[in-house]
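[1] I'll drop the sequence and a predicted model, then ask my questions.
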Number of protein chains: 2
Amino acid sequence: MLDLPELGHAPLKQAPAIADPTVPGFMGAAAACGLRKDGREDLALIAVQRAVPAAGVFTQNKLPAAPVQVARRHLAQGRLRAILANSGGANAATGGPGVEACLRCCQEAGRQLDCDPHQVAPCSTGVIGQLLDDAKVRAALPGLVAGLSPQGLSEAAGAIMTTDAFRKMAFAQVEIAGRPVRVLGMAKGAGMIRPDMATMLSFVLTDAVATPAALAHILGPAAGLSFNRASVDGDTSTNDTLLLLASGQAGHAELRPGDSGLMELGRAVTRVCQDLATMLVADGEGASHLIRVLVTGAPQAAQARAHCYAIAHSPLCKTAFAGNDPNWGRLVSTLGAEAGRQGWPYEPARLNLWIGQAHLCQDGLHGGAEAEAQAAHVMKQPRYQIHLDLGLGEHSFWVLTSDLGHEYVNINADYRS
Amino acid sequence: MLDLPELGHAPLKQAPAIADPTVPGFMGAAAACGLRKDGREDLALIAVQRAVPAAGVFTQNKLPAAPVQVARRHLAQGRLRAILANSGGANAATGGPGVEACLRCCQEAGRQLDCDPHQVAPCSTGVIGQLLDDAKVRAALPGLVAGLSPQGLSEAAGAIMTTDAFRKMAFAQVEIAGRPVRVLGMAKGAGMIRPDMATMLSFVLTDAVATPAALAHILGPAAGLSFNRASVDGDTSTNDTLLLLASGQAGHAELRPGDSGLMELGRAVTRVCQDLATMLVADGEGASHLIRVLVTGAPQAAQARAHCYAIAHSPLCKTAFAGNDPNWGRLVSTLGAEAGRQGWPYEPARLNLWIGQAHLCQDGLHGGAEAEAQAAHVMKQPRYQIHLDLGLGEHSFWVLTSDLGHEYVNINADYRS
């Protein structure tokens, strides 16, 4: 059966409270260094007392931001001492000068933390095409380092927000070899209509004991079942970065690829990433709905996946969601259009569509007035599922998406002003 | 060199006047038969005195509307006597009953026009999933046939509008073998953010003398250079239909594939289709800008094409257009994301981008404050071009698109209510 993550019940723009948002070994701090025009906190530092095993998943965009280029290189050694993240500028499409500005920040962080600059992973988010004013970052670093504390992780999560409506943190605890292991994640990102363009940053911290290879082994699949299903390939902005660091203080034997304990850790990391990805979509710019699009009965996996994205990308479908309009014709036509483009099978008479439990399209035809009324009711809820069954095979896929309303236009028509 | 059609200078929501919108042999009429709730004209009939050579291009959607299924069959004989088009309902996703309702309309039209029902091409536009109330159509047919007149073609163009802000007609005249030949086109469609979902109907009438094969020979390429470049594959809605009919009254020798006169006719048909496609995008729902996206310097044609569509599809880019914001970072990131997904080459340092004449991105870096100010000025114009040169090869492509603003959300969030 399909293993679908919970859609949740909370109001959309709100994260569940975490009783104790700390992880042994990790500290955080935040500052307003002046990169943001509005004076809000814009610089976050996450540090651990020694360089620890780490893994990363980065954007596949062919225009990777300077910090992505640098972080990829630094992570090649498999160990990190700190993450230095700023909002207020993506430092993307800034060429050689962008990379040099980024490296100067890492050098200063290394000096302040007394570590190799290669153990610092830089991350940036904000407008593309603006060179990072690294002097502001460097000037703020001594204060940041002095302010590091276990409780500061929450502040760090706040400092990486851009258009986010709320601070995104998620937590899970598992037992590995009889020892409790904590997994704490934070993320920023709200331009989720196309997360392949809006920057997604996420940092997941755990006190598990694991090799860098073990962390890399679980992080890719976790991203595939979470961020990469948030509206569309979350892996393709200029700055998207997902980092996993393990402080190794949980006291169990070191996990390596193939260990059963690693599978347990992988499940916890996946759950934390899914919670964060759900928050990202729920906080989609201007979103009033969080919608899971589920396609089943496809003759091949690629078709199920493409159909999900076709709906998640369609302005016509997404505006109908914003209007709480069960316009099922737009949904089935979107799939038919995609099938036509790709030469895939698509048989209207086998098609069934549910919005929540409302069976709106039955074997290709309208499900009737009652189903329509029921669907309209479902669509007033903040969170719901749209399920399309093609009736042609055994493959399925799901993505999370949001609606497209006025607030999205408000935010994006003048994002830079 | 690239053969780019004119963007035009008129206000967006306005069609140039046509002195004499008639074509020898053709007559038209319109009526309000009650399919539309607002009482507006919703039924158009175009007829010619005898069955004449015709060709069609239809949607590739795998959920073709009933009228598309029927019109395809009827056109197989290569001759048409009439086009019967309604707004107020797409008759798509209506299964067997939809096809039967459509056939009953053709039968009644055949009876009234005293012709074979197979010589009637039906077209529908409106909400998907609503069965055509064919009794209303049939009841209106006697009056429609009685009202046919050469001047009625303009009324027919008005009756097929749905959310269109203005009536779309275009005209061209060419000389073939010393005889003047007229080409008159009409179209409807305004949901042009994804024309593969909004229905596009277009009827092109000429008094040229040509075989059905000759018409088919020129119609496909004409669609490829016009409607299929309007925002995105214009060929994939449930109802999209482009018909070309030739009354044969121009008095020159019959044109066949390979004739030089046919090339002349093809250029005129292409120009008429381009004018109509430009109007469709200019009338894009809520659009305040008509934008030609031109990609050059691509190492292969598929990449140039995909990059154009990636921008034409990106809500982030389109909302920036609505805000007159020269957010070039979103544009180059969109291309980088697409290149990353497809594994295509993309070298930021070779990238150049112009908005109008403003050289906003020079060899991958920001073109400076003056270029930005100039670009912001260009983006206030109703019609402009965005040109991206990849610097990697000789291939190019262009598409026409519009911006995405509040009015689009207004129209589409409650389209059905």
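    Thanks, I have the structure now.
[2] just to be sure, A:Met279 is in a helix?
    Yes. When the secondary structure is assigned by DSSP: H, G, I helix; E, B strand; the rest coil, A:Met279 falls within a helix.
[3] roughly how far does it sit from B:Leu43?
    Relative to B:Leu43, A:Met279 is positioned 51 Å away (criterion: CB to CB, to the nearest Å). (Glycine included, C-beta is placed from N, CA and C.)
[4] please identify which of these two sits among more neighbours.
    Each of A:Met279 and B:Leu43 has its neighbours counted (other CB atoms under 10 Å in any protein chain shown); A:Met279 has more, 30 against 27.
[5] which non-adjacent residue is nearest the more buried one?
    With CB to CB, 6 or more residues apart in numbering or on different chains as the measure, A:Lys168 is the residue that lies nearest to A:Met279, at 4.4 Å, once sequence neighbours are left out.
[6] from A:Met161, how far out is the one you found?
    According to CB to CB, A:Lys168 stands 8 Å off from A:Met161.
[7] same thing with A:Tyr346?
    41 Å.
[8] quick check: closest non-adjacent residue to the residue in the stretch 301-417 of chain A that chain B sits nearest to.
    Closest to chain B within the stretch 301-417 of chain A is A:Gly329: 2.5 Å, counting by CB to the nearest CB. Closest residue to A:Gly329 in three dimensions, ignoring its sequence neighbours and counting by CB to CB, 6+ apart: B:Ile128, at 2.5 Å.
[9] what is the burial count for the one you found?
    Neighbours of B:Ile128 under the rule other CB under 10 Å: 29.
[10] where along the stretch 51-200 of chain A do the helices fall?
    Listed from the start of the chain, the stretch 51-200 of chain A has helices (DSSP state H, counting those that start in this stretch) covering A:66-75, A:95-113, A:134-146, A:152-159.
[11] and the angle for the second one with helix A:134-146?
    With axes from the mean of the first three to the mean of the last three CA atoms, to 10 degrees applied, the angle from helix A:95-113 to helix A:134-146 works out at 20 degrees.
[12] returning to that earlier point: B:Pro257: which of the helices of the stretch 51-200 of chain A is closest?
    With CB to CB, the closest approach to B:Pro257 among the helices of the stretch 51-200 of chain A belongs to helix A:95-113: 52.6 Å.
[13] in the closest one, what's buried?
    Residues A:98-99, A:101-110, A:112-113 are the ones in helix A:95-113 that count as buried (16 or more other CB atoms under 10 Å in any protein chain shown).
[14] before we move on, what about stretch A:151-171?
    Taking 16+ other CB under 10 Å as the basis for neighbour counts, the residues of stretch A:151-171 that come out buried are A:152-171.
[15] same check on stretch A:202-216?
    Neighbour-count burial for stretch A:202-216, counted by 16+ other CB under 10 Å, picks out A:202-212, A:214-216.
[16] which of these fall within strands?
    When DSSP state E defines the strands, the subset of the buried residues of stretch A:202-216 inside them is A:202-206.
[17] turn those residues into JSON lines, columns for pLDDT and distance to chain B.
    Converted to JSON lines, these look like this (pLDDT from 0 to 100; distance: CB to the nearest CB, whole Å):
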{"residue": "A:Ser202", "pLDDT": "95", "distance to chain B": "18"}
{"residue": "A:Phe203", "pLDDT": "97", "distance to chain B": "22"}
{"residue": "A:Val204", "pLDDT": "98", "distance to chain B": "23"}
{"residue": "A:Leu205", "pLDDT": "98", "distance to chain B": "28"}
{"residue": "A:Thr206", "pLDDT": "98", "distance to chain B": "29"}
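[18] can you add distance to A:Leu262 and give those residues back as TSV?
    Compiled in TSV, these are given as follows (distance: CB to CB, whole Å):
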residue	distance to A:Leu262
A:Ser202	20
A:Phe203	20
A:Val204	15
A:Leu205	17
A:Thr206	12
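[19] of those residues, which pair is most distant in space?
    In those, the most distant members under the criterion CB to CB are A:Ser202 and A:Thr206, with 13.3 Å between them.
[20] just the ones in strands among the buried residues of stretch A:202-216 now: which is nearest A:Leu388?
    Taking CB to CB as the measure, A:Leu388 lies nearest A:Ser202 of those, at 29.2 Å.
[21] and that closest one, how far from A:Ala19?
    When distances are taken as CB to CB, A:Ser202 and A:Ala19 turn out to be 21 Å apart.
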